[in-house]
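Peer 1: Any chance you could fold what I've pasted below:
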Amino acid sequence: MRHPTILAVDDEAVILRWLAQSLEAVGYDVIPAADVESALAILRSSMVDALILDVRLVGRSGLDVLEFVRSQHALVNLPVVILTGVSRLTEDQEEVIRRNEAYVFYKPTASSDLAATLDRLLNRQPR
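Peer 2: Numbering: from 1, shown residues only. Predicted coordinates for the structure are as follows:
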């Protein structure tokens, strides 16, 4: 049986490792990406079931990836979760997230809460 695949985009290696370990333990496959360019390349070439994005990435914003996803016919319905360490998003950032229908979690967050949201978004049965 195929496990749902999550693309996790964060420029902090420790966060990517935590996401991979936490989500793989509950039945997800995780593809890590450390920057916007890598994330876009993966989205263009791989099938993913959901996306976890950090807002602040080196050089660019994860919200650039969110807007790309929503502009692509094949990806428009892809579930997106924003996982950010920003203590307060700007009004513009909040508007981009709202307009593009993403869910926001603030670091640190419980991996069980993140997994439960992914389960719900992907219509997976709770474990």
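Peer 1: Which stretches in the chain count as strands?
Peer 2: For the chain, strands defined by DSSP state E occupy the ranges 5-9, 29-33, 50-53, 80-84, 103-106.
Peer 1: tell me what the fourth one is packed against?
Peer 2: In terms of contacts (3 or more C-beta pairs under 8 Å, 6 or more residues apart in numbering; DSSP states H and E), strand 80-84 is packed against strand 50-53, helix 62-71, strand 103-106, helix 111-121. No exception for glycine: its C-beta is placed from N, CA and C like everyone else's.
Peer 1: what number of residues lie near Leu53?
Peer 2: 26 (other C-beta atoms under 10 Å).
Peer 1: again with Asn123
Peer 2: Around Asn123 there are 7 residues (other C-beta under 10 Å).
Peer 1: cool, Asn77 as well?
Peer 2: Neighbours around Asn77, by other C-beta under 10 Å: 9.
Peer 1: Okay, now the unreliable bits of the protein?
Peer 2: Residues of the chain meeting the criterion pLDDT under 70: 1, 125-127.
Peer 1: tell me, what residue is most central in it?
Peer 2: Ile52 (0.8 Å; C-alpha atoms, centre = their mean).
Peer 1: Run through the bridge partners of that one.
Peer 2: As for beta bridges, Ile52 partners with Ala8, Val81 under DSSP bridges.
Peer 1: any idea how far it is from Glu91?
Peer 2: Using C-beta to C-beta, to the nearest Å, we find Ile52 at a distance of 23 Å from Glu91.
Peer 1: quick one: Ser61 and Phe68 touch, right?
Peer 2: No. Using C-beta atoms under 8 Å, Ser61 is not in contact with Phe68; the gap is 11.2 Å.
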